[in-house]
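Colleague: Let's see this in three dimensions:
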Amino acid sequence: MIAGVLLAAGRSQRMGQPKLLLPWRGLPLVRYIAQQALSTQLDELLVVVGHRAEHMLAALDGLDVRIVRNERFLDGQSTSLGAGIAAVGADVSAALVLLADQPLLQPQTIDALLDVYRREHPPIVVPRYDGQRGNPVLFDSALFPELRAITGDRGARDVIMAHQDEIRWLDTTDRGILLDIDTPDTYERLIEQSGVER
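Modeller: So this is what the prediction gives:
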């Protein structure tokens, strides 16, 4: 069983407003991303919420997701990652850690990552576009203790670096693995480049 862990608890400080509630194709961004993930072969999807949690829950209403509340979201991204990983079931063999601000990520890329894991069972599967590492990243359950031990305002980079010789790279033509929304400028640029409606 492979779970998706969608990190949606951040404060969007660089954006200046809750970016995950901004419209994307007529939906709040967090709902659009969750729907994309739910359309893949993931066995379940956990969504970690923190900042503006009630607004996130309203945006996700009716979707088949499991909500994980991170009351420590002010302590940084590691607390959301740890909360999400701690909430996956004992029967989960791997978790795909997704960012909620990557609207151009293709569901086919997620399925390709899952296929690699189910076929080869590597400790880490990382997508790569034109030689650049992207997200989401899949982790075998053997690495869950290391993911839960991360502290501060950072993600899983240290765990990835500690196991870089064990990474199974997935080269992809999906540039969406590199593109996220951090500022008003990047939001407007992605809207313009992708030609989507708000």
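Colleague: For Leu104, which three-state class applies?
Modeller: coil (DSSP: H, G, I helix; E, B strand; the rest coil).
Colleague: where's the residue nearest to it when sequence neighbours are not counted relative to Ala90, distance?
Modeller: Closest residue to Leu104 apart from its sequence neighbours, by CB to CB, 6 or more residues apart in numbering: Gly176 at 3.3 Å. Bear in mind the C-beta positions are built from the backbone N, C-alpha and C, glycine included. Going from Gly176 to Ala90 by CB to CB, to the nearest Å gives 32 Å.
Colleague: Using PDB, write out the CA atom coordinates for stretch 21-35.
Modeller: Taking C-alpha atoms only, stretch 21-35 is exported to PDB below (Å, rounded to 0.1, in the frame of the first residue of the first chain):
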ATOM      1  CA  LEU A  21      -6.800  29.000  -1.400                       C
ATOM      2  CA  LEU A  22      -6.000  30.900  -4.600                       C
ATOM      3  CA  PRO A  23      -8.100  29.900  -7.600                       C
ATOM      4  CA  TRP A  24      -6.700  27.400 -10.200                       C
ATOM      5  CA  ARG A  25      -9.000  26.200 -12.900                       C
ATOM      6  CA  GLY A  26     -11.900  27.500 -10.900                       C
ATOM      7  CA  LEU A  27     -11.000  25.600  -7.700                       C
ATOM      8  CA  PRO A  28      -9.000  26.500  -4.600                       C
ATOM      9  CA  LEU A  29      -5.500  25.400  -5.400                       C
ATOM     10  CA  VAL A  30      -5.400  22.800  -2.600                       C
ATOM     11  CA  ARG A  31      -8.500  21.200  -3.800                       C
ATOM     12  CA  TYR A  32      -7.200  21.100  -7.400                       C
ATOM     13  CA  ILE A  33      -4.000  19.400  -6.300                       C
ATOM     14  CA  ALA A  34      -5.800  16.900  -4.100                       C
ATOM     15  CA  GLN A  35      -8.100  16.000  -7.000                       C
END
